[in-house]
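Student: Below is the sequence, then the predicted model.
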Amino acid sequence: MKPLQIYWPFKPYNITQKWGNPNPAYANQFNNPDFKLHNGIDANVGKYNWDNSVVSEYPVYCPVEGFTVQKVDFSPQGGGNEMWLMSDDVLQIGDQLMHAWIPLCHAKKILVSEGDKPKLGELLMIADNTGFSTGIHTHMGLYRVDIAASGTIRKIDTNFAEGSTDPALYFVNKYAVDNATLATLITSNLRYYKYKLGGA
């Protein structure tokens, strides 16, 4: 069975908050008293503008292979402009054989659509600070899930991090864009320039 492998979705990858960090504000924000720990990894490119503000609007690339864009949404009190990737097949995730469900949040703009099957290193979105966010970053989560025949998604894990799992456990410590094929890089570049020209 293929193991889950997650590549860093942008370059450089500067982690600003790890999975599992305690934050009691989540319980109030999402009206869930059992949601007390950070349910993903926050990161940005760690680069600064002339005024010492963090660079925003950096490109975010697909960090996995064999996934489909399951949802594209806007959650003003949550992930802002967010997208969810679902593994096409069951994967080895820790000691379990499960589907992997990965949210990427707080984008300025999502550049893919529901049903798309992006390649590793393919441009997915432009980062920013939308939704419930206190600074420029991209939130990446990971949930181990079962998918019923009806399509219902059920989280496997139960914890104070909203039933999530630490994505860092599955990092391969490589950048997604560095491992993209030439065809994927061309697709991404065309998509980026279309966005910059206002056509995306």
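Tutor: Received the coordinates, thanks.
Student: Which strand runs longest in the protein?
Tutor: Determined from DSSP state E, the single longest strand within the chain is strand 96-110.
Student: pLDDT of whatever helix or strand comes next after that strand, averaged?
Tutor: Past strand 96-110, heading to the C-terminal end, the next element that is a helix or strand (DSSP states H and E) is strand 123-127. Strand 123-127 comes out with an average pLDDT of 97.
Student: elements contacting the helix or strand just after strand 123-127?
Tutor: The helix or strand immediately downstream of strand 123-127 is strand 138-140, counting by DSSP H and E. With contacts defined as 3 or more Cβ pairs under 8 Å, 6 or more residues apart in numbering; DSSP states H and E, the packing partners of strand 138-140 are strand 41-44, strand 96-110. Yep, even glycine has a C-beta here, placed from its N, CA and C like the rest.
Student: Of these, which stretch is the most buried?
Tutor: Ranked by mean neighbour count under mean count of other Cβ atoms under 10 Å, those are led by strand 41-44, which reaches a mean of 22.
Student: Starting from the helix or strand just after that one, tell me which strands it pairs with and how they run.
Tutor: In the C-terminal direction, the helix or strand that comes right after strand 41-44 (DSSP H and E) is strand 59-61. Strand 59-61 pairs in its sheet with strand 123-127 (antiparallel), by DSSP bridges.
Student: okay, which residue is most central for this protein?
Tutor: Central residue of the chain (Cα atoms, centre = their mean): residue 104, 2.5 Å from the mean position.
Student: about what we covered before: direction included, what does the longest strand of the chain pair against?
Tutor: Applying DSSP bridges to the sheet, strand 96-110 is found paired with strand 80-87 (antiparallel), strand 91-93 (antiparallel), strand 123-127 (antiparallel), strand 138-140 (antiparallel), strand 143-147 (antiparallel).
Student: tell me which residues of the second one are tucked away?
Tutor: Neighbour counts using 16 or more other Cβ atoms under 10 Å place 91, 93 of strand 91-93 among the buried residues.
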